[in-house]
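just the structure for this:
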Amino acid sequence: MNNNKENGEQQLKLFHTHAHDCSYLPGLQARTLFVDPETTLNKGMQTRLAELGFRRSGDFVYRPNCENCNACVPVRIPVKHFKKSRSQRRIWSRNRDLAVEVCDAKYNDERYNLYAHYISTRHQDGDMYPPSVEQFTDFLINSESDTRFIEYRDAEKLVAIAVTDLFDNAYSAVYSFFDTDNHRASYGTYTILSQIEEAKKANLDYLYLGYWIKTCQKMSYKVDYRPIEVFISDRWTLLT
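Numbering: from 1, shown residues only. So this is what the prediction gives:
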């Protein structure tokens, strides 16, 4: 990324990973473009990188850049125009009694125990299993971003956390984890709906949802939130 220093922006070094097995589409090779990890990114630069389709995982800021595939499409919700679908309204109503609090992104045993339970019950086949305190802090806390934990409590019990980064004009949904024993609650959907509402309250324009992959079941749900914008051919386009 060549940025003009006269506009107060720093120049960034970008690197490529070697080709590796794709985590989402079996049989394909993936390659990732990432920002030099030694670079200090202020909130303005993080905002600009999100606008260019980049995403954060831990302190790793990246964008898919595969040679023969463009299936990973950055998406964001223009929150002021968002309308809940019928099923989303039901989920919202079902969780109306939850207490919601936006907190600093810090470690405590209660938060980690919920995270460990989630990873152990939902992702035993993934590279995040088994969970550890070090993994939790490196992935969700130890970054230069302005990160918030949005906590959800049923009475006094912590049942879900949405991890979100604050940009100049947006929230970016980093990760969510929740009590997997209550299947009816649909906490995953609810945490996205809640982040949309929190972004509205903060007078932000967007909620970034990462990458939509049409042919991958666990990534295809993101266009269920409408209207939504997709980043294709270096421009954001509205899907209604």
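
buried ones in stretch 42-59?
Neighbour-count burial for stretch 42-59 flags 45-51, 53-56, 58 (criterion: 16 or more other C-beta atoms under 10 Å). Yep, even glycine has a C-beta here, placed from its N, CA and C like the rest.

so which of the residues you listed are in strands?
Secondary structure from DSSP state E places 55-56 of the buried residues of stretch 42-59 in strands.

tell me which two of the buried residues of stretch 42-59 sit farthest apart.
The most widely separated members of those, counting by C-beta to C-beta, are Glu51 and Gly58 (20.8 Å).

tell me the contacts of the residue lying closest to Ile119 once chain neighbours are set aside?
Take Ile119 and drop its neighbours on the chain: the residue closest to it by C-beta to C-beta, 6 or more residues apart in numbering is Pro131, 4.1 Å away. By C-beta atoms under 8 Å, 6 or more residues apart in numbering, the residues touching Pro131 are 115-116, 119-120.

now list the buried members of those residues.
Buried members of the contacts of Pro131, counted by 16+ other C-beta under 10 Å: 115-116, 119.

could these go into a markdown table alongside secondary structure and pLDDT?
Written out in a markdown table, the entries for the buried ones among the contacts of Pro131 read as follows (DSSP: H, G, I helix; E, B strand; the rest coil; pLDDT from 0 to 100):
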| residue | secondary structure | pLDDT |
| --- | --- | --- |
| Tyr115 | helix | 98 |
| Ala116 | helix | 98 |
| Ile119 | helix | 97 |
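
rewinding a little: closest to Tyr152 out of the contacts of Pro131?
Distances from Tyr152 to the contacts of Pro131, taken by C-beta to C-beta, are shortest for Tyr115, at 13.7 Å.

tell me how many other residues crowd the closest residue to the closest one other than its chain neighbours.
Of all residues beyond its chain neighbours, the one nearest Tyr115 is Phe177 (5.0 Å), with distances taken as C-beta to C-beta, 6+ apart. Using other C-beta atoms under 10 Å, the number of residues around Phe177 comes to 24.

tell me the helix or strand right after the helix or strand where Phe177 lies.
Using DSSP states H and E, Phe177 sits in strand 170-178. For strand 170-178, the following helix or strand on the C-terminal side (DSSP H and E) is helix 187-201.

that following helix - contacts with which helices or strands?
helix 86-94, strand 99-104, strand 147-154, strand 157-166, strand 170-178, strand 206-212 (3 or more C-beta pairs under 8 Å, 6 or more residues apart in numbering; DSSP states H and E).

so how far is Ala170 from Gly44?
With distances taken as C-beta to C-beta, to the nearest Å, Gly44 is found 12 Å from Ala170.

which residues of the chain score low on pLDDT?
Confidence mapping of the chain against pLDDT under 70 gives the ranges 1-10, 240.

domain-wise, how is it divided?
Here the domain assignment for the chain is 5-72, 76-239, based on automatic domain parsing.

so which of those is the most packed in?
Of the domains of the chain, the one with the most neighbours on average (mean count of other C-beta atoms under 10 Å) is domain 76-239, at a mean of 16.

what about that domain, how long is it end to end?
By C-alpha to C-alpha, to the nearest Å, the extent of domain 76-239 from end to end equals 10 Å.

for stretch 92-101, same thing?
Between the opening and closing residues of stretch 92-101 lies a distance of 16 Å (C-alpha to C-alpha).

relative to the whole chain's centre, how far out is that stretch?
The chain centre lies 21 Å from the centre of stretch 92-101; the measure is C-alpha atoms, centre = their mean, to the nearest Å.

next one: stretch 157-170
Put simply, stretch 157-170 sits 9 Å off its chain's centre (C-alpha atoms, centre = their mean).
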